[in-house]
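In: no sequence on hand, only this structure:
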């Protein structure tokens, strides 16, 4: 009987030692973008196309999130024409070139264990075929995770209106950093 208990304990340890694949609900998950300029800001959403996530020992082991750049929208402009113009401009070669690069990817490489509900994440972000390392803090939720990620768009050849590359922009300057408020909802 004692041997059976030891065997059961070893099986349990083995079970929990392997990473658990976590299903991500791409429809309920949210990626809210915010871009700021001298005279204000714009914001909207981008949809997840696909996602995979592995968790082990209270830590994210890996994850790949494919972002559908063609889904980018704007939520702060109510009039149809200015809204459509902004979205069209964001999809153009001045910004994200979505016809040529329809998918951006965030690939989690490592994570600290969650402590008091938070973990430090190191990942690779690919936009317009250009990949750079990025780090951010993730918060564990009851039904998933959330994070605020700051991205320097100029690292990904998104230079339109950037004060780093163009002089005399005045009120037309767009700040280089944009933010992504990410909420990943997992399936039970």
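Out: Everything's here; your move. Note that the coordinates shown come from a computational prediction; the quantities given were computed from them, not determined experimentally. Numbers count the residues shown, from 1 in each chain.
In: and residue 65, how many neighbours does it have?
Out: By other Cβ atoms under 10 Å, 23 other residues sit near residue 65. In this view, the C-beta of every residue, glycine as well, is placed from N, C-alpha and C.
In: cool, the one 5 residues further on as well?
Out: Other residues near residue 70 come to 15 when the count uses other Cβ under 10 Å.
In: would you agree it is in contact with residue 96?
Out: No: using Cβ atoms under 8 Å, residue 70 makes no contact with residue 96, being 9.5 Å away.
In: where does the residue nearest to residue 186 when sequence neighbours are not counted fall, phi/psi-wise?
Out: Excluding the flanking residues, the one nearest residue 186 by Cβ to Cβ, 6 or more residues apart in numbering is residue 144, at 4.5 Å. Backbone torsions of residue 144, given as degrees, to the nearest 10, read phi 150, psi -140.
In: any idea what residue 144 is bridged to?
Out: Beta-bridge partners recorded for residue 144 (DSSP bridges): residue 141, residue 185.
In: give the contact list for it.
Out: Residues in contact with residue 144 (Cβ atoms under 8 Å, 6 or more residues apart in numbering) are 24-25, 29, 183-186.
In: all helices of this protein, in order?
Out: Using DSSP state H, the helices of the chain run over 2-17, 80-91.
In: what's the lengthiest strand in the chain packed up against?
Out: As assigned by DSSP state E, the longest strand anywhere in the chain is strand 40-56. With contacts defined as 3 or more Cβ pairs under 8 Å, 6 or more residues apart in numbering; DSSP states H and E, the packing partners of strand 40-56 are strand 20-22, strand 30-37, strand 59-68.
In: name the residues that touch it?
Out: Taking Cβ under 8 Å, 6+ apart as the rule, strand 40-56 contacts 16-22, 24, 26, 29-35, 60-69, 71-77, 86-87, 103, 108, 184, 186.
In: ChimeraX command for the buried members of the residues you listed?
Out: Selecting the buried subset of the contacts of strand 40-56 in ChimeraX, with 16 or more other Cβ atoms under 10 Å as the burial test, is done by:
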select :22,24,26,29,30,31,33,35,60,61,62,63,64,65,66,67,68,69,72,74,77,86,87,108,184,186
